[in-house]
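Trainee: Need coordinates for the following:
(one chain, ligands or ions: 1)
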Amino acid sequence: MIDLQQAGEGLDGYALLSAQLEALLAGERDFIANAAQFSAFLYHHVEDLNWAGFYLNRNEELLLGPFQGQVACVRIPFDRGVCGAAAATRQTQRVEDVHAFPGHIACDSASNSELVIPLVKDGQLIAVLDLDSPTVGRFSEDDQRGLERLAAIFLAATDC
Ligand code: SME
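Mentor: The predicted structure follows:
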């Protein structure tokens, strides 16, 4: 059994989450298993989220992957929504207010802000990691850096 408390002893914030995530994923490299674990870890350990999970790159279209939260739309083209913008540009999309984002796809009406991180390995877009919050402006620049660090730990620990 993984002791997440012990894994992060003496650390706080994203340093703590990073140490815990490394411990959680150690010993397993399967993509689906690690993506499912990572989604649950984010949903339960990052405050104020209503959705956390993956959309997978399937021939320039995003397909719903492992997630936690309300049921969601299954397929998203690269030219639609915050997730599509992250996939098309390969740049993290940090959206203060999703209602002001042209083309935002409202899967869960509780969502008011969103952070989407593209996951790129060896030059290939593997997936995007999507985090939604009911709070407008939930994600700061520090949150973006911290969550990008967690995404990098996931990619390094996982076969894609
Ligand atoms: N809001 C996203 C769609 C996915 S859900 O948030 C889970 C978007 O605009 O791409």
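
Trainee: May I ask you to name the longest helix in the chain?
Mentor: helix 141-157 (DSSP state H).

Trainee: what packs against it?
Mentor: Packed against helix 141-157, as judged by 3 or more CB pairs under 8 Å, 6 or more residues apart in numbering; DSSP states H and E, are the following elements: helix 13-25, helix 31-45, strand 113-121, strand 124-133. (Glycine included, C-beta is placed from N, CA and C.)

Trainee: Of these, flag the one that's most buried.
Mentor: Stretch with highest mean neighbour count among the helices and strands packed on helix 141-157: strand 124-133 (a mean of 24; mean count of other CB atoms under 10 Å).

Trainee: per-residue confidence averaged over that one?
Mentor: For strand 124-133, the mean per-residue pLDDT is 98.

Trainee: how about that strand, does it get close to the ligand?
Mentor: Yes. Contact of strand 124-133 with the ligand (CB under 6 Å from any ligand atom) involves 130, 132.

Trainee: Pairing partners for that strand, with directions?
Mentor: Here strand 124-133 has these sheet partners by DSSP bridges: strand 51-57 (antiparallel), strand 113-121 (antiparallel).

Trainee: Export the ones you listed to CSV and append columns for mean pLDDT and distance to Ala86.
Mentor: Shown next, in CSV, are those (pLDDT from 0 to 100; distance: least, CB to CB, whole Å):
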stretch, mean pLDDT, distance to Ala86
strand 51-57, 98, 9
strand 113-121, 98, 4
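
Trainee: Pull the number of nearby residues for the residue in the chain positioned nearest to the ligand.
Mentor: Going by CB to the nearest ligand atom, the ligand is nearest to Gly81 of the chain, at 2.6 Å. Neighbours of Gly81 under the rule other CB atoms under 10 Å: 26.
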